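Asker: okay, sequence plus prediction incoming.
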Amino acid sequence: MTFVLGIAGSPRRGGNTELLLDAALDGARREGAEVRKVVLTDLVFSGCTSCDGCRDGQRCVLDDDLQEVYGLIDGADAIVLASPIYFEGLSSQMKAMIDRGQLFWYRKHSLGLEGKKRRGAIIAVGARRNADFTSALRPAKIWLLTLDADMATLTYGGFEEKGSILDDADALEEARSLGHEMVAKRNIH
Ligand SMILES: Cc1cc2nc3c(=O)[nH]c(=O)nc-3n(C[C@H](O)[C@H](O)[C@H](O)COP(=O)(O)O)c2cc1C
């Protein structure tokens, strides 16, 4: 069964980011996938300490709540990152998780290990109607490439208040379709 992992990067539980991610995971579930949502703000973990302990590609030596997430990432056939825009970038929770992916970077680029090909997506939401998502999407894209994932992108500007995305049925439907497609068109490589 296809396993889809969703990673929510907003500290505001039940906010726009999580609502969009829930819609995407719902779309994947309806297509028959097993889904799992990780909410970073509920976890206790630090950023990368640049200790180089993962240079051998085995594991991150930091013993915190991300250890379980590494296992979920390794097993995922599709990964959906979801983050609010903070100062034109990703939330610090999401960026810290991405930086902890240095393990995956060593595996791919230093050790030349091929990971499994998978689907990837980033959903980002910001308050400014004409928000510029470029600098937020960049690290998410590099992270997904490191994991041998492709990258679909959904961005939504003009949503500031908690839950305001619920007023936009098209946005939620689009996220649902994304989840559906990630499972239905799983074998793209
Ligand atoms: C610290 C902080 C920084 C923000 N910076 C931006 C920004 O640079 N551009 C923008 O469009 N919205 C910005 N916002 C607004 C959020 O991206 C927006 O409210 C979003 O809907 C929050 O998603 P959430 O409901 O999942 O938390 C910022 C919000 C916070 C709390």
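Answerer: Cool, the structure landed.
Asker: helix or strand right after the helix or strand hosting Gly71?
Answerer: Element membership for Gly71 (DSSP states H and E) is helix 66-75. The helix or strand immediately downstream of helix 66-75 is strand 78-84, counting by DSSP H and E.
Asker: packing partners of that following strand?
Answerer: Under the contact criterion of 3 or more C-beta pairs under 8 Å, 6 or more residues apart in numbering; DSSP states H and E, strand 78-84 touches strand 3-8, helix 16-30, strand 119-126, helix 134-146, helix 169-184. In this view, the C-beta of every residue, glycine as well, is placed from N, C-alpha and C.
Asker: quick one, whichever helix or strand comes after the fourth one and helix 169-184 angle?
Answerer: From helix 134-146 onward toward the C-terminus, using DSSP H and E, the following helix or strand is strand 152-157. Regarding strand 152-157 and helix 169-184, their directions subtend 170 degrees when assessed with axes from the mean of the first three to the mean of the last three C-alpha atoms, to 10 degrees.
Asker: show me which residues of strand 152-157 are buried.
Answerer: Under the neighbour-count criterion of 16 or more other C-beta atoms under 10 Å, strand 152-157 has Ala152, Leu154, Thr155, Tyr156, Gly157 buried.
Asker: any idea which of the helices and strands packed on strand 78-84 gets closest to Thr41?
Answerer: Nearest of the helices and strands packed on strand 78-84 to Thr41, taken as C-beta to C-beta: strand 3-8 at 7.7 Å.
Asker: how far does the closest one sit from its chain's centre?
Answerer: For strand 3-8, the separation from the chain centroid amounts to 7 Å (computed by C-alpha atoms, centre = their mean, to the nearest Å).
Asker: tell me the SS of Val38?
Answerer: Using DSSP: H, G, I helix; E, B strand; the rest coil, the structure places Val38 in strand.
Asker: wouldn't it be in contact with Gly71 here?
Answerer: No - applying C-beta atoms under 8 Å as the test, Val38 and Gly71 come out as separate, 11.0 Å apart.
Asker: state the distance from the residue most central in space within the chain to Arg59.
Answerer: Nearest to the geometric centre of the chain sits Leu81, at 1.6 Å (C-alpha atoms, centre = their mean). Separation of Leu81 from Arg59 (C-beta to C-beta, to the nearest Å): 21 Å.
Asker: got it, and Glu68?
Answerer: For Glu68, the distance to Arg59 - C-beta to C-beta - is 12 Å.
Asker: picking that back up, look up which residues are beta-bridged to the residue nearest to the centre of the chain.
Answerer: Ile7, Ile122 (DSSP bridges).
Asker: please renumber the chain so that the first residue is 467 from this point on.
Answerer: Got it, the first residue is 467 from now on, which makes the last one we talked about Leu547.
Asker: just checking, it touches Leu603?
Answerer: No - using C-beta under 8 Å as the test, Leu547 is too far from Leu603 to be in contact (9.8 Å).
Asker: mind listing the shared neighbours of those two?
Answerer: Shared contacts of Leu547 and Leu603, defined by C-beta atoms under 8 Å, 6 or more residues apart in numbering, comprise Ile588.
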